[in-house]
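Fold the following, please.
(one chain, ligands or ions: 1)
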Amino acid sequence: MNVFIVHAHPEPQSFNAALTNRARQTLESAGHFVRVSDLYAMRFDPVSDRRNFTTVKDADYFKQQVEEKHAAKVGGFAPDIAVEMEKLNWCDALILQFPLWWFSMPAILKGWVDRVFALGYAYGGRRWYDDGVFAGKRAMVSVTLAGDEIIYGKTGLNGDIHDILFTINHGILRFTGFDVLPPFIAWAVARVDDRARRGYLDAYEQRLLTLAETDPIEFRSLDEYDESFRLKDPSTA
Ligand SMILES: Cc1cc2nc3c(=O)[nH]c(=O)nc-3n(C[C@H](O)[C@H](O)[C@H](O)COP(=O)(O)OP(=O)(O)OC[C@H]3O[C@@H](n4cnc5c(N)ncnc54)[C@H](O)[C@@H]3O)c2cc1C
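All right, here's what the predicted structure looks like:
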């Protein structure tokens, strides 16, 4: 498999870096090919504006999706975006590696999505969900938290981590067609001891070795919705 890891952590000695290093070693030893976009090391620019493009569709009023659609037609994406698109095209599996920041992904990674998952390239013209551009590829979130399984559990104060990750797993990854694998979650990484952290690295290794076989999260399919995108059978909501 070709595996593309997008890594969003500013510190090379962090536990996130340990997870990405372990992923690279494990996957390469198992015969897979790995490419990593280390966003901070690349000084990836997360800001979306006209610099996303080498082309201009409307010089008077900047509308990102209008420019994206045009750039997708004429090959007008800026080089830093085009190279990330090429890595996405190349991969069979995408891994997003990040610490949970404010119940979400760090801004640098959100900016990567905002700029790279462009209209006309990653979605558009009813290419979404089951019919999405990235159908046939797999994706997985690997996330570290300060909080533990209790506070991020169904009855926990912060709410269920799976609900928190829904915007990423469903709104970004499934929306664009990926088969989304259950997330790998390293809980309370700064509070647990070294042995527990090594346990996380070993557990992650097992998840990586089964990347191709793990059952994806079951999301609803497009044919469960009517033409106005409402569930045909509301009793199943
Ligand atoms: C802006 C911001 C918002 C945040 N919002 C949230 C939030 O909403 N919810 C939440 O739960 N948390 C939140 N946090 C906390 C954040 O998620 C955690 O600090 C982060 O997940 C910890 O991961 P890390 O890689 O930074 O760990 P680090 O602090 O880098 O590492 C943790 C420990 O692991 C050790 N370590 C490194 N490599 C290894 C190795 N190979 N083997 C064993 N140990 C190793 C390190 O030495 C360190 O002791 C937030 C933090 C910030 C800065």
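
For residue 15, give its distance to the ligand.
Counting by CB to the nearest ligand atom, to the nearest Å, the gap from residue 15 to the ligand is 4 Å. Quick note: C-beta positions are derived from backbone N, CA and C, even for glycine.

Tally up the residues packed near that residue, please.
For residue 15, the count of nearby residues is 17 (other CB atoms under 10 Å).

begin at 28 from here
With 28 as the first residue, the last one maps to residue 42.

My guess is it contacts residue 173. True?
No - with contacts counted by CB atoms under 8 Å, residue 42 stays clear of residue 173, the gap being 11.2 Å.

Residues in contact with both of those two, list them for me.
Counting by CB atoms under 8 Å, 6 or more residues apart in numbering, the residues touching both residue 42 and residue 173 are 216, 217.

For the closest residue to residue 188 other than its chain neighbours, pull up the helix or strand it's in.
Excluding the flanking residues, the one nearest residue 188 by CB to CB, 6 or more residues apart in numbering is residue 179, at 4.1 Å. Residue 179 belongs to no helix or strand when assigned by DSSP states H and E.

ok now do the residue of the chain most remote from its centre, which residues does it touch?
No residue in the chain sits farther from the centre than residue 87, which is 33.0 Å out by CA atoms, centre = their mean. Residues near residue 87 by CB under 8 Å, 6+ apart: none.

Quick check: residues of the chain near the ligand?
For the chain, the contact set with the ligand under CB under 6 Å from any ligand atom comprises 36, 38, 41-43, 45, 126-130, 171-174, 216-217, 221, 224-225.

Just those: which are in helices?
42, 43, 45, 221, 224, 225 (DSSP state H).

what about burial for these, which qualify?
Applying 16 or more other CB atoms under 10 Å to these, the neighbour count classes 42, 43, 45, 224 as buried.
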